[in-house]
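**Student:** coords please:
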Amino acid sequence: MLKATLRSFLAHKGRLLLSALAVVLSVAFVAGSLIFSDTLSRTFDRLFASTAADVTVSPKQGLGEAFPSGMTATLPAAVADRVARVDGVASARVDAEAENITVVDRDNKPVGPTTNAPTIGTDWNPTERSPVELTSGHAPRGPAQALLDSETADRKNVRIGDTLTVIAAPGSFRVEVVGIATFTTTNPGAALLFLDTPTAQTKLLGDARAATSISVDAEEGVSDARLKQRVAAALGPATYEYRTADEQAKSDVEQLGGFLDVIKYVMLGFAGVAVLVGVFLIVNTFSMLIAQRTRELGLLRALGADRRQVRRSVLTEALLLGLVGSTLGLILGIGLAAGLIELMGLLGMNIGSDEMVIGWATPVIAYVVGVGVTFVAAYPPARRAAGVSPMAALADAEVAGVGRPLRVRAVVGVVVGAAGVAALVGCAWSSRTGSAASLLGLGIVLTLIATVIAGPLLVRPVIRVLGAAFPALFGSVGRMSQRNALRNPRRTGATAAALMVGLALVGGMSVASASMTKSFDQQIDRTLGADFVVQNSNFQPFPREVTDKVRDTPGAGLVVRSRFTPVAVRLPDGDRVETTAAGYDLRLDEVANITYAQGGTAAALAAGRMAMDVDFARDHGVRLGSTLPVEFQGGRTAELRVGALTDQEQAEGFGTQGGMYFGLDTLERYAPGGQESALYVNAAPGTSDGELRANLERTLDPYPQVQVRDLADYKDLVHDQIAVLLYLVYALLGLAIVIAVLGVVNTLALSVVERTREIGLLRAIGLARRQLRRMIRLESVVIAVFGAVLGLALGLVWGVCTQQVLALQGMTAFAVPWGTIVAVVIGSAVVGVVAALLPALRASRMNVLAAIAHE
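**Tutor:** Numbering: from 1, shown residues only. Take a look at the predicted model:
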């Protein structure tokens, strides 16, 4: 049996090739994502571990920010002198660093990354642990000199002697590049500008007596942990944050954790789609191979092979396929990881190929995925093959019947589908976002499983409708293509399922994104009343000098400032909620249209008052006039009275919980030093919008990071943010289509082999080669469109339910992107045509007599 199995595997290697490609793709994405994420993690671990001081003293960790406030946490620089006197301290250095700066050249072009990585301004205080070393020029001396990292200098064509403008929170200033510093470790992608320490304190932090941290080196023989205890005891354990080198490195890595996780999970998402779609391909391939080998299997049974041996033989072929696919997938995954590393280099994060990390878990997981997928997918066909009697096999009966198994599918599909529909209905009726989202996820999984199970039952009614025009348009060729698709519903359903999964995802996300876009458009139309919004291109805050420039712009009338700050609010029900609140100028009503349930703008922005979303207030027992303890960044606290309750549809739709805001006077009192996140500008009487825009753009020319937007521009900005999610979904669709095309090609190729004698007879009685190719193409098109119809129908249902979840967050508009839907259906027909090219060509080239004599 082992010899027979190996010979069978080698004899059918061509037919198994396309199935192996599905395994290869899924394993490649799994292995590539693991290798890439492990490499990034190891690289940053080494970087931070090698550059961290023995002990770092920093300000107490503040509140998290959903939107940046522009505030830089500092501690007194004099702390370094106190630390230097602690027993066991070899040296203590002041660190002055700011990540929210912009650097421009003499042409006002940004000198920094184009990948949203930060431009960091810091003090030049080189040690043996510094990530850079001076390679040309000299160290900065005085307030007008700076160093630039070599990669930024090369990328932006900056040379020693060039003048740069630094736009920092305290204000803009010019520096001359007097030296170039080169990374001795991996460049994490940021641009680095170095100033001498006094200049960094004054120009970046705005205070010559401030520091962002104190770096402490231990004397020989003093451990980091012991030194940390001594420093904490000298300064006070609760006064500052104290971290050893290992703890600081771990903290730095955790800050990057979100970025690394996004990359990892996106790639694993691709792997999941490849695995899911590949299962259908493998099931279909083995089902068809077993059906074609009915006589062969029957002879084995007649010669004494029992059911277990037949089943084991088929599963052994599957394991061989899994091993081959996993090995090739692992190799391709290494290449994929290497390509991603090169791509990161183009984006500014230079990681050497020799730093690639392939942990022991990666090949183990790769083989578990590859072999496991093929084994699970091949088990049902193997079980059916083992269940056929020798006499039935010798009579050349089809292994896969149409009777009882489809009735079982109907029962199981109805039960699972009913559970899925119940979950989706519960999602639609739920009033809480958390439970609605959970029910939505459960409903999506169950309805997808039910559609896959019951798909063959839908083949006959749906394809009869889809192919109803074929006989009239293509005559007997069209009629035969429709009947070929109907011949084996199970095969047609499994082939279409691969395409259905990807299109269901696209359909659901397209409806959700279109609904989000429409909701945001409506909200912007209702709320935004300003002629223009001045805002940073990446939503980062900008220096206050920009505000002064805008106010002095000819034609500018009212200018209302907006600022964000993190807060922690203690609510009457005992909850402590950390969120981001906003601060506005008093004339907010003239640039924004806010609906209030109780109170008004004047009461909300008055000193010592605040506003809150009415639904959030109701959930937590807050009433108009309630006094709430509010903690601000830096530890300051205040008792603020609720002066207004808002009834905005999207109070929590922009990432802030509770929709809280107050006056800028209140914010400046308890959280001074922040920067504006936006300016709402109205034209002065007698000034047209076009004139004001032109004047504002001229004013802001020295600040390339700041942009002027009107209502339409603001909508486009939101659309672009939503489009990022759609691009990811379309990429997943592309992968699903690639594997689905392989599935259709495989099915048609095996079907051509299965129908060799039939094709020979058709050719003998006059069917032309062109007609034969058209018949196979039409069969492929109707299968692909069937998958598209099922997928889009399922996706529309998912999209409707997703919109109900979004409605709980205030995004109540509903929209269906019919253009996308129609394009997907047309595209699926094109996919069917492309997938049929090779099988149709092969069928048309068959020798007629040899085909008729085929056994």
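**Student:** any idea how far apart the tips of stretch 581-597 sit?
**Tutor:** Distance across stretch 581-597, first residue to last, is 19 Å (CA to CA, to the nearest Å).
**Student:** can you give the contact residues for it?
**Tutor:** For stretch 581-597, the surrounding residues in contact (CB atoms under 8 Å, 6 or more residues apart in numbering) are 526-530, 558, 560-567, 601-602, 605, 610, 614, 644-648, 656, 658, 660-664, 666-668, 674, 680-682. Glycine gets a C-beta too; all of them are placed from N, C-alpha and C.
**Student:** could you do stretch 497-506 as well?
**Tutor:** Residues from elsewhere that reach stretch 497-506, judged by CB under 8 Å, 6+ apart: 273, 276-277, 280-281, 448, 451-452, 455, 729-730, 732-733, 735-737, 739-740, 743-744, 784, 787-788, 790-792, 794-795, 798, 820, 824, 828, 831.
**Student:** mind checking how far that stretch is from the chain centre?
**Tutor:** With CA atoms, centre = their mean, to the nearest Å as the basis, stretch 497-506 stands 19 Å off its chain's centre.
**Student:** quick one: mean pLDDT for it?
**Tutor:** For stretch 497-506, the mean pLDDT works out to 82.
**Student:** i'd like the first residue to be 52 from this point on
**Tutor:** Renumbered: residue one is now 52, and that last one reads stretch 548-557.
**Student:** show me the strands in the stretch 652-801 of the chain, by range?
**Tutor:** Under the criterion DSSP state E, counting those that start in this stretch, the stretch 652-801 of the chain contains strands at 660-664, 678-683, 688-697, 712-714, 729-734, 757-760.
**Student:** what's downstream of the longest helix seen in the chain, the next helix or strand?
**Tutor:** For the chain, the longest helix by residue count, based on DSSP state H, is helix 296-343. Counting by DSSP states H and E, the element after helix 296-343 in chain order, helix or strand, is helix 345-353.
**Student:** list the buried residues in that following helix.
**Tutor:** Buried residues in helix 345-353, counting neighbours by 16 or more other CB atoms under 10 Å, are found at Thr345, Leu348, Gly349, Leu351, Arg352.
**Student:** just the buried residues of stretch 367-375, please?
**Tutor:** Within stretch 367-375, the residues scored as buried using 16+ other CB under 10 Å are Thr367, Glu368, Ala369, Leu370, Leu371, Leu372, Gly373, Val375.
**Student:** try stretch 77-97
**Tutor:** Going by neighbour count (16+ other CB under 10 Å), the buried part of stretch 77-97 is 77-92, 94-95.
**Student:** ok, stretch 415-430 next?
**Tutor:** If you call a residue buried by 16+ other CB under 10 Å, then stretch 415-430 has these buried ones: Ile416, Ala417, Tyr418, Val420, Gly421, Val422, Val424, Thr425, Phe426, Ala428, Ala429, Tyr430.
**Student:** returning to that earlier point: closest to Arg358 out of the strands of the stretch 652-801 of the chain?
**Tutor:** strand 660-664 (65.7 Å; CB to CB).
**Student:** give me the mean pLDDT for that closest one.
**Tutor:** Averaged across strand 660-664, the pLDDT comes to 93.
**Student:** grab the longest strand from this protein for me.
**Tutor:** Assignment by DSSP state E gives strand 607-621 as the longest strand of the chain.
**Student:** phi and psi next, for Gln294.
**Tutor:** Small correction: residue 294 is Arg, not Gln. Main-chain dihedrals, Arg294, degrees, to the nearest 10: phi -140, psi 140.
**Student:** against Leu841, how distant is it?
**Tutor:** Counting by CB to CB, to the nearest Å, the gap from Arg294 to Leu841 is 55 Å.
**Student:** of those two, which one has the most company?
**Tutor:** Leu841 (25 against 20; other CB atoms under 10 Å).
**Student:** please name the nearest non-neighbouring residue to Pro169.
**Tutor:** Leaving aside its sequence neighbours, Pro169 sits nearest to Glu150 (CB to CB, 6 or more residues apart in numbering; 4.5 Å).
**Student:** I should have written Ala100 there, sorry.
**Tutor:** Using CB to CB, 6+ apart, the nearest residue to Ala100 is Ala300, at 4.4 Å.
**Student:** distance of the one you found from Arg180?
**Tutor:** As defined by CB to CB, Ala300 lies at a distance of 11 Å from Arg180.
**Student:** ditto for Gly323
**Tutor:** According to CB to CB, Gly323 stands 41 Å off from Arg180.
**Student:** returning to what we had before: just the ones of the contacts of stretch 548-557 in helices?
**Tutor:** Judged by DSSP H, helices contain the following of those: 324, 327-328, 331-332, 499, 502-503, 506, 780-781, 783-784, 786-788, 790-791, 794-795, 835, 838-839, 841-843, 845-846, 849, 871, 875, 879, 882.
**Student:** tell me the pLDDT at Ile773?
**Tutor:** With respect to pLDDT, Ile773 scores 79.
**Student:** same check on Val162?
**Tutor:** For Val162, the pLDDT comes out at 89.
**Student:** swap in the one 5 residues further on?
**Tutor:** pLDDT recorded at Asn167 is 68.
**Student:** go on, Glu906?
**Tutor:** pLDDT recorded at Glu906 is 57.
**Student:** again, but for Val228
**Tutor:** In this model, Val228 carries a pLDDT of 95.
**Student:** next, count neighbours for the closest residue in space to it that isn't next to it in sequence.
**Tutor:** Excluding its sequence neighbours, the residue lying closest to Val228 (CB to CB, 6+ apart) is Asp213, at 5.0 Å. Other residues within reach of Asp213, judged by other CB under 10 Å, total 16.
**Student:** distance of Asp213 from Asp158?
**Tutor:** Using CB to CB, Asp213 is found at 11 Å from Asp158.
**Student:** quick one: contacts for the residue nearest to Ala100?
**Tutor:** Each residue near Ala300 by CB under 8 Å, 6+ apart is listed here: Asp96, Phe99, Ala100, Ala103.
**Student:** quick one: it and Arg97, what's the gap?
**Tutor:** As judged by CB to CB, Ala300 and Arg97 stand 9 Å apart.
**Student:** re earlier: the residue nearest to Val228: what's it in contact with?
**Tutor:** With CB under 8 Å, 6+ apart, Asp213 has these contacts: Asp156, Arg157, Glu227, Val228.
**Student:** what about the third one, distance to Pro753?
**Tutor:** This means Glu227. As judged by CB to CB, Glu227 and Pro753 stand 18 Å apart.
**Student:** list the buried residues in the helix or strand that contains Leu508.
**Tutor:** Element membership for Leu508, per DSSP H and E: helix 484-517. For helix 484-517, a neighbour-count test (16+ other CB under 10 Å) marks 487, 489-491, 493-495, 497-510, 513-514, 517 as buried.
**Student:** would you put the C-alpha positions of stretch 594-612 in CSV?
**Tutor:** Provided in CSV are the C-alpha atoms of stretch 594-612 (Å, rounded to 0.1, in the frame of the first residue of the first chain):
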residue,chain,number,x,y,z
PRO,A,594,3.3,75.6,17.8
ARG,A,595,1.4,78.6,19.1
GLU,A,596,3.3,80.9,16.7
VAL,A,597,1.2,79.3,13.9
THR,A,598,-1.9,80.6,15.7
ASP,A,599,-0.4,84.1,16.0
LYS,A,600,0.5,84.1,12.3
VAL,A,601,-3.1,83.0,11.3
ARG,A,602,-4.7,85.7,13.4
ASP,A,603,-2.5,88.3,11.7
THR,A,604,-3.4,87.0,8.2
PRO,A,605,-5.2,89.6,6.0
GLY,A,606,-8.8,88.8,5.7
ALA,A,607,-8.9,86.5,8.8
GLY,A,608,-11.8,87.2,11.1
LEU,A,609,-12.8,85.0,13.9
VAL,A,610,-10.1,82.3,14.9
VAL,A,611,-11.2,79.7,17.4
ARG,A,612,-8.5,77.4,18.9
